[in-house]
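K.L.:
Fold the stuff below for me.
(chains A, B and C)
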Amino acid sequence: MKDRKILLKKGHVVSFLSKIDKKRDILISNGEITDISENMKIKEDYEVIDVSGKFVIPALFDIHTHLRTPGREDKETFLSGAKAALKGGFTRICCMPNTDPPIDNAGLIRFIIEQSKKDDIVDILPIGAITKKREGKELAEMYDMKLSGAVGFSDDGFPVMNSGVMRRALEYAGMLGLPIITHSEDMGLSKGGHMNEGYISTILGIKGIPKEAEASMISRDIELSKMTGGHLHIAHVSCKESVDLVREAKKEGVNVTCETCPHYFSLTDEAVLGFNTNAKVNPPLRNKEDVEAIIEGLCDGTIDVIASDHAPHAIQEKEMEFDKAPFGMIGLELSLSLTITKLVKPGILNWGKLIQLMSVNPAKVVNQPVYDISKGSQANLVVVDIKEWISNKESFYSLSYNTPFLNKSLLGVVDYVFSKGRLLLNNGEITAE
Amino acid sequence: MEKKAKIILDKEEIDKFIKRIAHQIIEKNSNVETLAIVGIRLRGAPLAERIVGYIKEFTGKEILLGNLDITLYRDDLTTIVEQPIIHKTEIDFDISRKNIVLVDDVLYTGRTIRCAMDALIDFGRPQKIQLAVLVDRGHREFPIRPDYVGKNLPTSCQEVVQVRLKETDGKDEVVLKEMKVE
Amino acid sequence: MVSSVKMDETKLVKSWDKKHLLGIRELSKDEIDIILDQARAFKEVLTRPVPKVPTLRGKTIASLFFESSTRTKLSFSLAAKRLSADSISLSSSSSSILKGESLIDTARNIRAMNVDIIIIRHSSSGVPYILSKVVDCSIVNAGDGTHEHPTQALLDIFTIKEHKDNIENLKVSIIGDIAHSRVARSNIWGLTKLGAKVTVCGPATLIPPKIEQMGVKVVYDIDEALEEADVVNVLRIQLERQQEGLFPSLREYTRFFGINKERLRKAKPGLLIMHPGPVNRGVELSQEVADMKKSNNMPYSVILDQVTNGIAVRMSVLYLVSICKSENGR
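P.N.:
Residues are numbered from 1 along each chain as shown, chains lettered A, B, ... in the order given. Predicted structure coming up:
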């Protein structure tokens, strides 16, 4: 490879580990950060990228995505999902095993990793199923899956309703040092529900899913984590009750982490008014007090991670009777913008905290190396411009465009992405192929 | 849009014409027993009531009175700009074999009268339908001619004839307004 | 513009700009009044020797009933015929839905046949709203899931107005399975907008969460709900709800929430008894109560008046959505 030196000029560099939060120039020589300093002299062989007014942050990590492959390649493929991730500032993503067939064995884990390497855009790290066929009955071969590259286990989309099975899962995964990622939903309470239970569900005549369906399962799983010592990671926390439970558990020293998604701090169940199926998601959008509790949980460290729960669906499935439309919304290309628009810009979170929630902690939850911007490290970084853009279906690399944020004005566009030293997104264009 | 309004008929003249129409109706219809006066809403209705009053005054006989709302029979409902309110139709007697005098305030294109005849026929099979109007302003689009006219008033199409009655507008008068057509 | 018919004489419905009738929630008090006022004129049409007017001649109305119905379907069909519209109808058992065609495709295809109004009944809440976004003709909601049944509420209110002087401050109790009732929701919106005081009563498992926020009082004691009421609207209880575990047995339901003559002893004189039908005689209403005729100082049933008035109210709705010129009307 030819000697390549890229100079990122005048960007505002923020990195959590090395505690930088200043305007700095960054020199990247053959993929390695060789200098970070002020007003660096430009040499003849430098490719200079002017990033003044923009933020330079470590590459992001999304631990909760649905890439629909194998089974529903019309909704998303590894390639389209990887491009969407890159455009959203993510260079590493985890994909959930609720595919057809479900990812419940080492062969399928290897399939994902090989596909991801072939496309070579972002790292796709598979989550294996907790139970065979995600049926909640018998444990899947977690050890084998770990050896093939699984970084955690989840039956996401379904809870593990049987407490005995859940106990064994936490024990077994605990032995492997990998997290059990839970979809917390008591199916007895949520049965037949399509949105949050409350005033809006009452006036729309749609059966509701109460918050207690989520909180009661979290409460059970915290007890089981306490009992087994296994690492419990609670996916998509949506309501105040859940945040309170996790906060208490953390105080007690339980081995628990949790994530929320941008829609839970951006929207309430009022987004469903007009029977908007793009706002149908599970767990459902809650109330104002829940949005406030989620934001509080993000600020005080109760919530460790912002994950997208990127869930692409075909238009014909969403253009449907509300009770027949599937749950889920896309998020890879919206997560960062929503976090900036709703939390950073209004001054609720600073950039350091954003990096913790979207880069540092996600890596830690699934035991992956944490990316940092420091001299001598490989370039894994993202340049973000805090400018306004309008999300529309043409703007997405994802094959789907089911999102309640369609045609909304958002802040934050990813202009450049360096992944493992390579410049993969250059001035908004994907250069990897 | 409105330029100026000219009063064509005042209270006394209106009353004079209504009386004359009542006399003419009695004269032309020897058998008042089969006679029924039906006013077309809105302003045909009070006119019809007044005519019935005078016939009673002149002959001592109570004549059948009805009101007809023709909105539902209009042929331009879906093309007109504004949406009309439907008023109640009140015809509490069997119109079959009756001698009906339709009453309206202004006769213009004749379309209202066609609607009224369509509506009336749905109530039964009258012996005869006659037409009484307070003002005939010309410009007929249908082969319709009045049997009783208060005043013939030659107008241009840019003009609007407005009949105002005590019952509907607070006072009796007929005005001619000119509209500027853009 | 000078119309060929004397426009200067005609009072105008200025505030009507609804192209669709999707629910009562989105109607203003004035709009409800317009529908009811016009329904009065249509009720007169129904008493004529020829109870038919040419108003909607040349208009085509398609009825899509994806859920069984007797009253509503016949009532809409008669309303369309009384207005001289051409009407076609489709029910789920004979449609391509069985062949897997999506609802939206079915609606688009029907619209492609130049239909002016689609009347839709569907078991999923919100279907009329979803259709109104994908086809450009008028949509009239004939009942969607457990969401709304606007024409039923309008005919209920119309019937109440025929018997009671004023809706304002009138006490109306709605009794039964409120949670699964589109009739209850539409009635609550309509009645509260017109100033009535609404109470809902039923087993706690059949009262939906946060319904008080709709401006109603919740009681669990049927006697309390009856005592103060000027009107009771009794809902049909469905056997499936028992199977879903929402109440223990029909026997127990009837004993604690069924209305019989004995229960009406303490009721106000002239209490109106209403039911959207079909009545489960002997369950939510005893045989005697369902048939109580008007007599001095006694409660009486107006269940059949409701059915008669349904046609006039639906004529009014079809007329108004037809003459609406507003493209964005919703």
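
K.L.:
Report the contact partners of the closest residue to C:S92 other than its chain neighbours.
P.N.:
Nearest residue to C:S92, sequence neighbours excluded (Cβ to Cβ, 6 or more residues apart in numbering or on different chains): C:F66, at 4.3 Å. Every residue, glycine included, has its C-beta placed from N, CA and C. By Cβ atoms under 8 Å, 6 or more residues apart in numbering or on different chains, the contact set of C:F66 is C:S91, C:S92, C:S95, C:I97, C:L103, C:I120, C:R121, C:H122, C:S123, C:V127.

K.L.:
how about CSV for those, with secondary structure and pLDDT added?
P.N.:
Formatted as CSV, these follow (DSSP: H, G, I helix; E, B strand; the rest coil; pLDDT from 0 to 100):
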residue, secondary structure, pLDDT
C:S91, strand, 78
C:S92, helix, 71
C:S95, coil, 63
C:I97, helix, 65
C:L103, helix, 86
C:I120, strand, 96
C:R121, strand, 95
C:H122, strand, 94
C:S123, coil, 93
C:V127, helix, 96
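
K.L.:
Please identify the one among these that lies nearest to B:R74.
P.N.:
Distances from B:R74 to the contacts of C:F66, taken as Cβ to Cβ, are shortest for C:I120 (28.4 Å).

K.L.:
Give me the neighbour count for the residue nearest to A:S154 when sequence neighbours are not counted.
P.N.:
Residue nearest to A:S154 in three dimensions, not counting chain neighbours: A:I181, with 3.7 Å by Cβ to Cβ, 6+ apart. Using other Cβ atoms under 10 Å in any protein chain shown, the number of residues around A:I181 comes to 30.

K.L.:
just checking, A:I181 touches A:H236?
P.N.:
No - between A:I181 and A:H236 there is no contact under Cβ atoms under 8 Å: 9.8 Å.

K.L.:
shared neighbours, the two?
P.N.:
In contact with both A:I181 and A:H236: A:H64, using Cβ under 8 Å, 6+ apart.

K.L.:
any weak-confidence spans in chain C?
P.N.:
C:1-15, C:93-99, C:325-330 (pLDDT under 70).

K.L.:
all helices of it, in order?
P.N.:
C:29-45, C:71-82, C:103-112, C:127-134, C:150-163, C:182-193, C:222-227, C:239-243, C:250-257, C:287-290, C:303-323 (DSSP state H).

K.L.:
Show me what counts as buried in the first one.
P.N.:
Spelled out, that is helix C:29-45. C:31-45 (16 or more other Cβ atoms under 10 Å in any protein chain shown).

K.L.:
with those residues in mind, which one is nearest to chain B?
P.N.:
Nearest to chain B among those, counting by Cβ to the nearest Cβ, is C:A41 at 4.0 Å.

K.L.:
so who does the closest one touch?
P.N.:
Each residue near C:A41 by Cβ under 8 Å, 6+ apart is listed here: B:D69, B:I86, B:H87, B:K88, B:T89, C:S316.

K.L.:
that older thread, most neighbours out of the contacts of C:F66, which is it?
P.N.:
Counting neighbours by other Cβ under 10 Å, C:V127 leads the contacts of C:F66 with 30 neighbours.

K.L.:
Quick check: C:V140 touching C:Y319?
P.N.:
No - at 11.4 Å, C:V140 does not count as touching C:Y319 under the criterion of Cβ under 8 Å.

K.L.:
which of these two has more neighbours?
P.N.:
Ranked by neighbour count (other Cβ under 10 Å), C:V140 and C:Y319 place C:Y319 first, with 26 against 22.

K.L.:
Test my guess that the more buried one contacts C:I61.
P.N.:
No - using Cβ under 8 Å, C:Y319 makes no contact with C:I61, being 11.5 Å away.

K.L.:
interface residues of chain A facing chain C?
P.N.:
Residues of chain A lying close to chain C by Cβ under 8 Å from any Cβ of the partner chain are A:197-199, A:201-208, A:274-275, A:277, A:316, A:319-324.

K.L.:
about what we covered before: looking at the contacts of C:A41, which are in helices?
P.N.:
Among those, the subset assigned to helices under DSSP H consists of C:S316.

K.L.:
Any of the contacts of C:A41 buried? List them.
P.N.:
Among those, the ones that count as buried by 16+ other Cβ under 10 Å are B:D69, B:I86, B:H87, B:T89, C:S316.

K.L.:
Return the distance of the first one relative to chain A.
P.N.:
Here the distance between B:D69 and chain A works out to 38 Å (Cβ to the nearest Cβ, to the nearest Å).

K.L.:
got it, and the second one?
P.N.:
When Cβ to the nearest Cβ is the yardstick, B:I86 and chain A sit 32 Å from each other.

K.L.:
what's the answer for the third one, then?
P.N.:
Distance from B:H87 to chain A, counting by Cβ to the nearest Cβ: 36 Å.

K.L.:
I'd assumed B:R41 was in contact with that residue.
P.N.:
Yes - between B:H87 and B:R41 there is a contact at 4.7 Å, judged by Cβ under 8 Å.

K.L.:
Could you tell me which residues touch both of these two?
P.N.:
Residues touching both B:H87 and B:R41 by Cβ under 8 Å, 6+ apart: B:N67, B:D69.

K.L.:
show me what contacts whatever residue of the stretch 151-300 of chain C ends up closest to chain B?
P.N.:
Residue nearest to chain B within the stretch 151-300 of chain C (Cβ to the nearest Cβ): C:E162, separated by 14.2 Å. C:E162 sits next to C:D305, C:N309 when contact means Cβ under 8 Å, 6+ apart.

K.L.:
Ok, the one 5 residues further on next?
P.N.:
Taking Cβ under 8 Å, 6+ apart, we find C:I167 in contact with C:I157, C:I160, C:K161, C:L191, C:L194, C:G195, C:A196.

K.L.:
list the contacts for the fifth one?
P.N.:
Neighbour list for C:L194: C:K29, C:I32, C:I157, C:I167, C:E168 [criterion: Cβ under 8 Å, 6+ apart].

K.L.:
State the phi and psi torsions of the residue nearest to C:S92.
P.N.:
Backbone geometry at C:F66, expressed as degrees, to the nearest 10, gives phi -100, psi 10.
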